[in-house]
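# quick one, fold the following:
(one chain, ligands or ions: 1)
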Amino acid sequence: MARSETLPAGEQTPEVTSISEKDIKVDFNETAQQLENKTFKDYILISCLCFMVAFGGFVFGYDTGTISGFVNMTDFIDRFGEVGPDGEKFMSSIRVGLMIGLFNVACAIGGIVLSKIGDIKGRRIGLMFAMAIYVAGIAVQISAQDKWYQITIGRIITGFSVGTVSVISPMFIGESSPKAVRGTLVCCFQLCITLGIFIGYCCTYGTKQLNNSLQWRIPLALCFLWAGFLVVGMMFMPESPRFLVEKKRIEDAKKSIARSNKMSPEDPFVYAELQLIQAGIDREQMAGSATWGELITGKPAVFRRVIMGICLASLQQLTGNNYFFYFATTIFKAVGLQDSFQTSMILGCVNFLSTFVNIWAIERFGRRLCLLVGAAGMFVCFIIYSTLGSVALYQYDGESNLPAGRAMIFVTCLYIFFFASTWAGGVYCVLSESYPLRVRSKAMALALGSNWLWGFLISFTSSFIINAINFYYGYVFTGCIAVAFVFTYFFIMETKGLSLEEVDELYAQKILPWKSGSWVPPTAEEMATSTGYAKPSQEHV
Ligand SMILES: OC[C@H]1O[C@](O)(CO)[C@@H](O)[C@@H]1O
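Residues are numbered from 1 along each chain as shown. Next up is the predicted model:
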């Protein structure tokens, strides 16, 4: 399809502003048949474009992967470190904490405030705007000579962008990808985060031998390439049909759906999709947007769900994953390993590969089982890790015990496997399925905001705590993971395969979470006697 048909902003055809009566007469059997006849080949182009959107996750992960290496690089420490009592330069905990931690705060602000640009100007423009901020932030960092706060300010600017991308990208993919491959493409976002972490580790491993500022400037310069890749992707990506319908740009929406599904804009399937989108928007508009007060008083059990979301999102950080992702290089240097950068690369690789298991397991075994197994696995790993670190590692007069160090790397890999294959994506999955439309955006913002906030607290304080109590720190996370297990068992509902209305019904019927897996939603006949929440167009709150 020609570029001119890809609906860049401004090329709208405003005369058609609603889905007309004629459009509504669609043979759904015919369109279903059409979908069945489609093969993987038909989806290659749109899948590639969605992957470019998911690449927003890559820039997030790449930051995590590189900063953990930077703070251990000789040139970086020489320029941005403090002078110790012996005249040697070192990175103080406060500098490391601020450099890493404030990035998370900026992400929260970007995610909650700046991401609104996606609703006003469209998803494509929103992502391009975020990339402009990203490039500015990288330029500030790369030009720093010896001012540690310049790096920190640059990272705050980058954080605004990463937060914005983290909200717009998954939403854009969800709205634009063909149904048959939607679930997988949405998961690509988390996959790209882990790929970014891995590539970030690889880049710092590759450049740390250089004895000058190229050590950290080359990995930073690569960010311009990542931003360019995303912007080029956005030039070819059709705008979200959901955004276009909301703006009453129906003709453009038709072209967008047609392009994603490789068919003519006049195809009945396109009309069917348009109707579904319109119905979704109508339902949301009918429900309206809840006030903050309704998050407490809303029914059924909205307050309970809001608290559940905040706790679950917080616990995801409190499992301690970012203790490893941000500090792996530092930690394994302390273990006495020849090359702690190499260890980080191994962890990054395990993290990336395990995300594929997450995508499969969450649908196969359900949300609760995944979270429970993940918590149990991480609990055991952290106990072994902390015990080895605090008891066995330095048993020979301060000389590090290599076998114990190696065993620690092994359990860390196992820990990362359990985290990445369960809690990493599982938590977002539960959150996205748990709220009625009316309270959804506010409840999600609260949950994600607490996730970023804990991300900040952990990344800011870890450096101090590691200095003070070293591997005993692991027991703090062990305790939090135990809480996460108990919390999941008693408070998380199984939402696999349920519509948002059925989830409301689940809460309205006060089903016990540990029995929710075997709960069967009411059939149409049972509706008359049920609480009524499972009725598709019911107003919920
Ligand atoms: O892959 C690990 C990364 O994924 C996240 O949990 C986001 O989903 C980050 O907090 C972490 O750095």
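# okay, CA-based contacts and neighbour counts for the rest of this
OK.
# neighbouring contacts of the helix or strand hosting residue 380?
Here residue 380 sits within helix 367-387, counting by DSSP states H and E. Residues lying outside helix 367-387 but in contact with it, judged by C-alpha atoms under 8 Å, 6 or more residues apart in numbering, are 319, 361-362, 408, 411-412, 414-416, 418-419, 421-423, 426, 429-430, 471-475, 477-478, 481-482, 484-485, 488-489, 492-496.
# can you rerun that using 7 Å?
362, 408, 411-412, 414-415, 418-419, 422-423, 426, 430, 471-472, 474-475, 478, 481-482, 484-485, 488, 492, 494-496 (C-alpha atoms under 7 Å, 6 or more residues apart in numbering).
# could you point out which element follows that helix?
Sequence order places helix 402-418 as the next helix or strand after helix 367-387, per DSSP H and E.
# do the lengthiest helix in the chain and the ligand meet?
Secondary structure assigned by DSSP state H gives helix 437-469 as the longest helix of the chain. No: using C-alpha under 6 Å from any ligand atom, we find that helix 437-469 stays clear of the ligand, coming within 6.8 Å at best.
# buried stuff in that helix?
Within helix 437-469, the residues that count as buried by 16 or more other C-alpha atoms under 10 Å are 437-440, 442-464, 466.
# what's the separation between residue 158 and residue 63?
Computed as C-alpha to C-alpha, to the nearest Å, the residue 158 to residue 63 distance reads 9 Å.
# correction: residue 134
11 Å.
# now do residue 468
Between residue 468 and residue 63 the distance, using C-alpha to C-alpha, works out to 26 Å.
# with residue 374 instead?
Note on residue 374: its distance to residue 63, by C-alpha to C-alpha, is 25 Å.
# count the neighbours of the spatially closest residue to residue 115 that is not a sequence neighbour for me.
Nearest residue to residue 115, sequence neighbours excluded (C-alpha to C-alpha, 6 or more residues apart in numbering): residue 164, at 4.5 Å. Counted by other C-alpha atoms under 10 Å, the residues lying close to residue 164 total 30.
# so who does residue 164 touch?
Residues near residue 164 by C-alpha under 7 Å, 6+ apart: 110, 111, 114, 115, 130.
# give me the element the residue nearest the centre of the chain is part of.
Nearest residue to the geometric centre of the chain (C-alpha atoms, centre = their mean): residue 190, 5.2 Å. Per DSSP H and E, residue 190 falls inside helix 179-207.
# where does the one residue in the stretch 201-350 of the chain that gets nearest to the ligand land in three-state SS?
Of the stretch 201-350 of the chain, the residue with the smallest distance to the ligand, taken as C-alpha to the nearest ligand atom, is residue 322 at 5.4 Å. Under DSSP: H, G, I helix; E, B strand; the rest coil, the three-state class of residue 322 is helix.
# tell me the residue of the stretch 101-250 of the chain that sits nearest the ligand?
Using C-alpha to the nearest ligand atom, the closest approach of the stretch 101-250 of the chain to the ligand is made by residue 194 at 4.7 Å.
# now for that residue, how many residues are close by?
Around residue 194 sit 29 other residues, with neighbours defined as other C-alpha under 10 Å.
# could we number from 16 for the rest of this?
With the count now opening at 16, the last piece we talked about shows up as residue 209.
# nearest residue to it in space, please, no chain neighbours.
Looking at residue 209 with C-alpha to C-alpha, 6+ apart, the closest residue is residue 367, at 4.9 Å.
# which other helices and strands does the helix or strand hosting that neighbour contact?
In this structure, residue 367 is located in helix 355-380 according to DSSP H and E. Using 3 or more C-alpha pairs under 7 Å, 6 or more residues apart in numbering; DSSP states H and E as the contact criterion, the neighbours of helix 355-380 among helices and strands are helix 194-222, helix 336-349, helix 417-433.
# identify each buried residue in the longest one, please.
When you say that, I think you mean helix 194-222. Within helix 194-222, the residues that qualify as buried by neighbour count (16+ other C-alpha under 10 Å) are 197, 199-220, 222.
# centre of the chain to that helix, how far?
With C-alpha atoms, centre = their mean, to the nearest Å as the basis, helix 194-222 stands 10 Å off its chain's centre.
# how close does the residue nearest to residue 130 sit to residue 516?
Using C-alpha to C-alpha, which is the criterion applied here, residue 179 is 29 Å from residue 516.
# what about the residue lying closest to residue 182 once chain neighbours are set aside, which SS state?
Nearest in space to residue 182, with sequence neighbours left out and distances taken as C-alpha to C-alpha, 6+ apart, is residue 126 at 5.7 Å. Classification of residue 126 by three-state DSSP places it in helix.
# tell me, how many neighbours does residue 126 end up with?
Close neighbours of residue 126, defined as other C-alpha under 10 Å, add up to 25.
# you'd agree it is up against residue 183?
No: the criterion here is C-alpha atoms under 7 Å, and residue 126 misses it with residue 183 at 8.4 Å.
# also compute the angle for the helix holding residue 205 relative to helix 336-349, please.
Helix 194-222 and helix 336-349 meet at an angle of 20 degrees, taking axes from the mean of the first three to the mean of the last three C-alpha atoms, to 10 degrees as the criterion.
# now do helix 194-222 against helix 355-380, angle only.
Going by the same axes, to 10 degrees, helix 194-222 makes 170 degrees with helix 355-380.
# thinking again about what came up before, I figured the residue nearest to the centre of the chain hits residue 73, correct?
No: contact criterion C-alpha under 7 Å: residue 205 and residue 73 do not qualify, at 8.5 Å.
# how about the residues of the stretch 316-465 of the chain near the ligand?
When proximity is defined by C-alpha under 6 Å from any ligand atom, the stretch 316-465 of the chain lies next to the ligand at 337, 439.
# counting neighbours, what do you get for the residue in the stretch 366-515 of the chain positioned nearest to the ligand?
Distance from the ligand to each residue of the stretch 366-515 of the chain (C-alpha to the nearest ligand atom) is smallest for residue 439, at 5.0 Å. The number of residues packed near residue 439 is 24, by other C-alpha under 10 Å.
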